[in-house]
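Chemist: Next comes the sequence, and after it the predicted model I'd like to discuss.
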Amino acid sequence: MTKRHNVISLLLALSLTAAQAGGTAQPPVAQSHSAGQTVKLPTLSVNASSIGRTAAVSTVAAEKRQDGPTIPLPAHVRAVLNAPGEHWKADGTDVPPTAYVSVYPVASLRARFPNQPNTFGELLNTLLSTLTGIRSGAVNPSALKLPLPYFPAVNATQVVAGAVMKVQTPEVVGVRYLTYHAQAVGQIPGDALEYTFQGLTRDGKNVVSVHLPYTLAGVPTQAQLDKSGNFNFPGERPGMSAAERQKVYDTYNSELTRKLNAASLSTQDAVVRSIRVR
């Protein structure tokens with residue numbers, strides 16, 4: 001997975017969008033540097049036993065503003081979902097855990113990123129508007145075009161999405177789907193896909209973001225593609241016209257989407273349904 005919240009990919013996404021099993025964190029107080037206001041972080045609990053992981057919940061301090069193409073996130077609550085024998089720790093880079101659930105107060109996000117043209121604040125406003133529409137029923141997630149709501153954004157393009165479905169519980173409402181982000185064109189490794197849920201708490205005060213690794217059976221893995229050295233799409237060959245290449249890609253994408261749509265995600269959905277935010 002590529003690094004997250006890169007400005008270039010965020011603005012690209014904006015242009016496209018416009019067309020143990022459980023743990024609990026205590027509610028510390030986070031300072032919003034943009035507006036000088038304090039926003040109390042919620043508590044979070046999640047049960048990840050359905051996917052064989054345990055939740056380690058903690059607060060994440062607000063990231064300092066700095067020069068460069070990154071978006072500094074405000075303070076939030078995060079549950080790292082560790083596999084057996086694993087204990088993920090931040091290493092000082094912006095590479096996120098393999099599996100995690102994060103909760104971001106909307107007030108903190110809006111305070112740090114005001115809605116101004118051609119900024120991350122504009123992208124954030126679009127994201128929140130879409131999630132609010134899903135929450136109210138005004139937006140049908142299955143009718144959305146790529147890129148689907150995704151936060152925090154990554155330094156890559158969302159190239160495929162499948163198994164798109166609205167999930168609503170007494171705690172959260174949003175959309176879940178399988179996806180893959182890429183920085184180059186080529187076959188998608190079956191073991192590099194991601195299950196994500198993007199939504200809001202019932203009161204609309206918090207963004208809830210779930211990220212889980214997912215392997216799709218019947219699709220070559222990264223190791224298999226590396227061994228073959230062939231990342232071209234099936235049927236692609238030298239000398240093809242642009243129209244012929246597009247047809248090959250469309251066929252590949254349609255078949256992959258069909259497989260994604262047929263995936264059984266009950267164990268992953270159980271993680272979302274276990275989320276409690278107070």
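Modeler: On my side now, so go ahead.
Chemist: ranges for the strands of this structure?
Modeler: Ranges of strands within the chain are 29-32, 37-40, 44-45, 54-60, 76-82, 100-105, 157-168, 172-182, 193-201, 206-214, 276-277, based on DSSP state E.
Chemist: Outside of the fifth one itself, list whatever touches it.
Modeler: Which is strand 76-82. Defining contact as C-beta atoms under 8 Å, 6 or more residues apart in numbering, one finds that strand 76-82 is touched by 23, 25, 30, 41-46, 48, 51, 53-60, 88, 97-105, 108, 212, 271. C-beta: built from backbone N, CA, C; applies to glycine.
Chemist: if you set the cut-off to 7 Å instead, what comes out?
Modeler: Here strand 76-82 makes contact (C-beta atoms under 7 Å, 6 or more residues apart in numbering) with 23, 25, 41-42, 44, 46, 48, 53-60, 88, 97, 99-104.
Chemist: give me every residue that touches P149.
Modeler: Neighbours of P149 in contact, by C-beta under 7 Å, 6+ apart: L127, T130, L131, V175, Q198.
Chemist: Could I get the pLDDT score of S9?
Modeler: S9 is assigned a pLDDT of 42 by the prediction.
Chemist: Equivalent analysis for V185, please.
Modeler: As predicted, V185 sits at a pLDDT of 87.
Chemist: With distance to E122, mean neighbour count and mean pLDDT added, can I get the strands of the chain in a markdown table?
Modeler: Formatted as a markdown table, those follow (distance: least, C-beta to C-beta, whole Å; neighbours: other C-beta atoms under 10 Å; pLDDT from 0 to 100):
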| stretch | distance to E122 | mean neighbour count | mean pLDDT |
| --- | --- | --- | --- |
| strand 29-32 | 19 | 17 | 42 |
| strand 37-40 | 21 | 14 | 80 |
| strand 44-45 | 28 | 23 | 98 |
| strand 54-60 | 24 | 19 | 97 |
| strand 76-82 | 21 | 25 | 98 |
| strand 100-105 | 17 | 23 | 98 |
| strand 157-168 | 18 | 18 | 97 |
| strand 172-182 | 21 | 22 | 97 |
| strand 193-201 | 18 | 23 | 98 |
| strand 206-214 | 16 | 23 | 98 |
| strand 276-277 | 26 | 18 | 98 |
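Chemist: want to try a markdown table for those strands, with distance to A143 as columns?
Modeler: Below are the strands of the chain laid out as a markdown table (distance: least, C-beta to C-beta, whole Å):
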| stretch | distance to A143 |
| --- | --- |
| strand 29-32 | 34 |
| strand 37-40 | 33 |
| strand 44-45 | 30 |
| strand 54-60 | 33 |
| strand 76-82 | 29 |
| strand 100-105 | 25 |
| strand 157-168 | 9 |
| strand 172-182 | 11 |
| strand 193-201 | 16 |
| strand 206-214 | 21 |
| strand 276-277 | 27 |
